[in-house]
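K.L.:
the following comprises the amino acid sequence and a computationally predicted model.
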Amino acid sequence: MPQDQSRDAARTPALILHEDDLARLPASERIRYRLVGAERRYHANDNISAFVREGELEELKAEVQAKMAEVLKALVIDTESDHNTQDTAKRVAKMFIDEVFRGRYQPMPEVTEFPNVSRLNELMIVGPITVRSACSHHMCPILGRVWIGILPNEHSNLIGLSKYARIADWIMTRPQIQEEAVTMLADELQARVTPDGLAIVMEADHFCMQWRGVKDNDSAMTNSVMRGAFLKDPNLRREFLSLLNKKE
Ligand SMILES: [Zn+2]
């Protein structure tokens, strides 16, 4: 977003930092410095793994742990005598970086693509794939299912079935909003598989609706992206949606 980028630019120190000075900064500052220098966006749902160097994730975890301890302190929780919260800051830091937000810090999983030698051109459906994410508004869990429809052509690259789940997991394990997650997944698959048509449906429960706010337990949100043949051909779209319902 242009506005955010200009704000980042304004924050960028005018002088170029020497590697030694850079090394003295906290890991998060170092990584941010590289991102800003490369004019790369680093929103909650962006992958920044290319800017993280070896060992820095451990440093990041220590930083998050220290800040998380401050949050607990600000919540007036006595983490010293309350044995349940003694290691909470550490646990949460590890959970954020190694688990629930790892799609920001880990590179894209290795996916082997192979040419469509048998020239498959039939509708392929993958799913339901269970996905776990978090909303970037409240950092509350989003638990859902994703279905992917692919209409390959003779030039498409095919990827193994299990790889769809791995790519979906990599995209979903970031704080985000569902509409953007579905679009990001579609972009990634479009670039890799280059099919004639691509359809994605995601249905998910948002815990920020259930745990807080309106406390509506039945509010599932459904999003879809239709591209290429799925956009042009209503029959194909119907076929995909009917097969998806049968698979439930
Ligand atoms: Zn939320």
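P.N.:
Arrived safely.
K.L.:
which helix runs longest in the chain?
P.N.:
Longest helix in the chain by number of residues, with DSSP state H as the criterion: helix 56-74.
K.L.:
and the helix or strand just after it, what's buried?
P.N.:
Once the chain leaves helix 56-74, the next helix or strand it forms, by DSSP states H and E, is helix 88-94. Neighbour-count burial for helix 88-94, with 16 or more other Cβ atoms under 10 Å as criterion, is recorded at 88-90, 92-93. For glycine as for every other residue, the C-beta is placed from the backbone atoms N, C-alpha and C.
K.L.:
farthest out from the centre of the protein, which residue is that? Tell me.
P.N.:
Most distant residue from the mean C-alpha position of the chain: Ser81, 36.5 Å away (Cα atoms, centre = their mean).
K.L.:
got any ranges where this structure has weak pLDDT?
P.N.:
Applying pLDDT under 70 to the chain picks out residues 1-15, 215-218, 246-248.
K.L.:
residues of it that sit close to the ion?
P.N.:
135, 137-138, 208 (Cβ under 5 Å from the ion).
K.L.:
please identify which pair of these lies farthest apart.
P.N.:
Spanning the widest gap among the residues of the chain next to the ion are His137 and Cys208, at 6.5 Å by Cβ to Cβ.
K.L.:
just the CA trace of the longest helix of the chain, in PDB.
P.N.:
Provided in PDB are the C-alpha atoms of helix 56-74 (Å, rounded to 0.1, in the frame of the first residue of the first chain):
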ATOM      1  CA  GLU A  56      17.900 -14.600  13.600                       C
ATOM      2  CA  LEU A  57      14.700 -16.500  14.200                       C
ATOM      3  CA  GLU A  58      16.100 -17.500  17.600                       C
ATOM      4  CA  GLU A  59      16.900 -13.900  18.300                       C
ATOM      5  CA  LEU A  60      13.400 -12.900  17.200                       C
ATOM      6  CA  LYS A  61      11.900 -15.400  19.600                       C
ATOM      7  CA  ALA A  62      13.900 -14.000  22.500                       C
ATOM      8  CA  GLU A  63      12.700 -10.500  21.600                       C
ATOM      9  CA  VAL A  64       9.000 -11.500  21.300                       C
ATOM     10  CA  GLN A  65       9.400 -13.400  24.600                       C
ATOM     11  CA  ALA A  66      10.700 -10.200  26.400                       C
ATOM     12  CA  LYS A  67       7.900  -8.100  24.900                       C
ATOM     13  CA  MET A  68       5.300 -10.700  25.700                       C
ATOM     14  CA  ALA A  69       6.500 -10.700  29.400                       C
ATOM     15  CA  GLU A  70       5.800  -6.900  29.300                       C
ATOM     16  CA  VAL A  71       2.300  -7.500  28.000                       C
ATOM     17  CA  LEU A  72       1.600 -10.000  30.900                       C
ATOM     18  CA  LYS A  73       3.000  -7.400  33.300                       C
ATOM     19  CA  ALA A  74       0.700  -4.800  31.800                       C
END
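K.L.:
got a list of contacts for that helix?
P.N.:
By Cβ atoms under 8 Å, 6 or more residues apart in numbering, the surrounding residues in contact with helix 56-74 are 26-28, 30-31, 52, 79, 85, 88-90, 92-94, 96-98, 105.
K.L.:
let's go with 6 Å and repeat that
P.N.:
With contact meaning Cβ atoms under 6 Å, 6 or more residues apart in numbering, helix 56-74 is reached by 26-28, 79, 89-90, 92-93, 97, 105.
K.L.:
centre of the chain versus the strand or helix carrying Ser224, how much separation?
P.N.:
Remark: Ser224 resides in strand 220-228, with elements defined by DSSP H and E. Strand 220-228 sits 16 Å away from the centroid of its parent chain (Cα atoms, centre = their mean, to the nearest Å).
K.L.:
fine by me, we can end here.
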